[in-house]
Structures are given as structure tokens and as C-alpha cells.
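Chemist: Model the structure of this input:
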Amino acid sequence: MRLRNVKGAREEIAVSEYVTQNPKEQKGKWREAFALDAPIHVEIGMGKGKFITTLAELHPEINYVGVEKYASVLIRAIEKKRGREDLKNLAFLAVDATELPEIFDKGEVDRIYLNFSDPWPKERHARRRLTSGEFLARYEQFLKPGGEICFKTDNRALFDFSLEEAKNAGWELSEVTYDLHHSEYAEGNVMTEYEEKFSAQGNPIHRLVAKKVTRDE
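Modeler: Numbers count the residues shown, from 1 in each chain. From the prediction side, this is the model:
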């Protein structure tokens with residue numbers, strides 16, 4: 001869900017120490033950007049940042065990059081990180097997802113999280129969905145061999161579309177469930193703010209994991 005415009009958000013983001021400025025210059029050098037040389041996990045469309053901030057707290061052995069193009073939302077994630085000197089394994093990007101192949105080098109990212117992405121319900125907008133064949137091809141440019149996409153949504157139509165797109169693109173699917181919170185995959189699940197609200201109303205959450213399979217595997 002998008003927030004209303006927050007006055008001064010773009011200006012603050014442009015100078016924030018928590019947002020990587022000129023990220024394309026960091027391509028191929030992301031591990032050097034963190035205090036620890038560790039795997040890199042990226043959340044695309046992180047919203048207010050609850051999910052990725054929680055992961056960074058739970059897993060200091062992993063480096064996290066949160067991507068959010070809407071300034072009025074990203075500013076809330078910055079507020080969560082402000083003063084948290086312990087979260088040295090978390091950085092933010094204020095970019096559109098289409099730019100990611102220009103920001104991350106081949107094999108530089110180990111895992112991608114897509115949580116409650118915009119469903120773009122009109123068929124003519126299908127290619128804009130973050131699980132479309134076009135976007136899967138983009139992810140292949142920087143996701144390591146055997147790397148994964150972890151996708152959650154409450155939108156059944158988008159979930160079914162995503163399953164078909166991943167299959168057609170040759171990705172290996174696992175942990176597929178139409179009701180995450182009542183499945184064997186519920187343990188350890190970190191919820192987004194949207195997920196907490198939606199599931200509290202008794203609505204099911206759909207989840208899948210898609211693995212990048214190379215010709216050599």
C-alpha cells in the first residue's frame with residue numbers, strides 16, 4: 001500500500017547515510033560496502049522496511065539490501081534504521097526494480113524477496129509484475145546459480161500467474177503453498193506489516209520459492 005506524499009522525503013533520502021547514493025558505481029563491489037563479507041539478500045519493494053529490518057536483526061551473518069522506489073514509503077524504513085548502529089548489514093536503495101541489472105553484477109546476489117508486490121491486475125500491464133518473465137530474466141542477470149526468489153502474496157491471480165511464469169522460464173519451484181500460515185513452511189516466517197494486518201482477518205497468504213537452475217545443474 002502506498003502512502004500519501006511525505007513532505008521533504010525525497011530531499012532527506014538524497015542525503016541519507018542509510019541509502020546508497022549512486023548505486024550503479026557499486027556494481028561488482030557490494031560485499032565491500034558492508035562490514036562483513038557475506039551473502040547478499042535483496043528485498044524488492046520493501047515498503048516500510050519491517051520485514052528486511054527484522055531479517056537483518058535475526059541474521060547478522062547476511063547482508064541485506066532493501067529496494068523501494070516510493071520516497072514516501074522508503075522514508076519510513078529509514079526511520080526504523082536511524083540510530084541502529086547494530087544494523088551494519090542493512091542498506092537501502094531508492095531505485096526502480098528495472099535498474100537492478102545495472103546495479104548488481106553477475107552472481108552478486110544470493111536471494112531475492114518479493115513480498116506483496118503490486119499485482120497490476122490489467123492484462124496489458126502483466127509485464128510490469130515483478131514475477132513476470134521479463135523481470136525473471138532481469139533477476140537472472142545478477143542472481144547467483146542456485147540462487148532463490150522467495151515470493152509471498154495474498155493475490156491468488158498473481159500467485160497463479162507467478163507459478164506459470166516461473167515454470168515457463170525454467171525455474172525450479174519448491175515450498176509452494178496457498179496457505180502459508182497453516183503450512184509446514186510457517187515456522188520461522190517473518191511477516192511484513194501488510195501480512196500481519198491481512199492474515200489477522202483470516203485471509204490466506206500464498207508463498208513459493210523459485211530456484212535459478214543453470215544448464216550445468
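Chemist: on contacts alone, who are the packing partners of the helix ranked longest in the chain?
Modeler: Ranked by residue count, the top helix of the chain under DSSP state H comes out as helix 156-168. Contact analysis of helix 156-168 by 3 or more Cβ pairs under 8 Å, 6 or more residues apart in numbering; DSSP states H and E lists helix 133-140, strand 143-153, strand 172-177, strand 206-211 as its packing neighbours. C-beta coordinates here come from the backbone N, C-alpha and C atoms, glycine included.
Chemist: Sheet partners, orientation included, of the second one?
Modeler: So that's strand 143-153. Partner strands and pairing direction for strand 143-153 (DSSP bridges) are strand 109-115 (parallel), strand 206-211 (antiparallel).
Chemist: picking that back up, do you know which of the helices and strands packed on helix 156-168 lies nearest Phe51?
Modeler: strand 143-153 (9.3 Å; Cβ to Cβ).
Chemist: quick one: what helix or strand has the residue most central in space within the chain in it?
Modeler: In the chain, the C-alpha nearest the mean C-alpha coordinate belongs to Glu43, at 1.9 Å (Cα atoms, centre = their mean). Mapping Glu43 onto the secondary structure by DSSP states H and E places it in strand 40-44.
Chemist: Strand partners (parallel or antiparallel) of that strand?
Modeler: In its sheet, strand 40-44 lies beside strand 63-67 (parallel), strand 109-115 (parallel), with partners assigned from DSSP bridges.
Chemist: ok so, going back, okay, the strands paired with strand 143-153 in TSV with distance to Ala71, mean neighbour count and mean pLDDT next?
Modeler: Output for the strands paired with strand 143-153, formatted as TSV (distance: least, Cβ to Cβ, whole Å; neighbours: other Cβ atoms under 10 Å; pLDDT from 0 to 100):
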stretch	distance to Ala71	mean neighbour count	mean pLDDT
strand 109-115	19	22	98
strand 206-211	29	21	98
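Chemist: Looking at the strands paired with strand 40-44, which is nearest to Thr53?
Modeler: When the strands paired with strand 40-44 are compared for distance to Thr53 using Cβ to Cβ, the nearest one is strand 63-67, at 8.1 Å.
Chemist: State the next helix or strand along the chain beyond the closest one.
Modeler: helix 71-81.
Chemist: what does whichever helix or strand comes after that next one rub up against?
Modeler: Using DSSP H and E, the helix or strand that follows helix 71-81 in sequence is strand 90-93. The contact list for strand 90-93 (Cβ atoms under 8 Å, 6 or more residues apart in numbering) reads 16, 18-20, 23, 33-34, 46, 49, 52-53, 56, 63-68, 74, 77-78, 81, 103.
Chemist: Tell me where the model's unsure across this structure.
Modeler: Within the chain, the stretches falling below the threshold (pLDDT under 70) are 1-4, 215-217.
Chemist: possible to save the helices and strands packed on helix 156-168 as TSV with distance to His125?
Modeler: Formatted as TSV, the entries for the helices and strands packed on helix 156-168 read as follows, by distance: least, Cβ to Cβ, whole Å:
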stretch	distance to His125
helix 133-140	12
strand 143-153	16
strand 172-177	24
strand 206-211	20
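Chemist: Those: which one's closest to Ser117?
Modeler: When these are ranked by proximity to Ser117, the top entry is strand 143-153, at 6.7 Å, counting by Cβ to Cβ.
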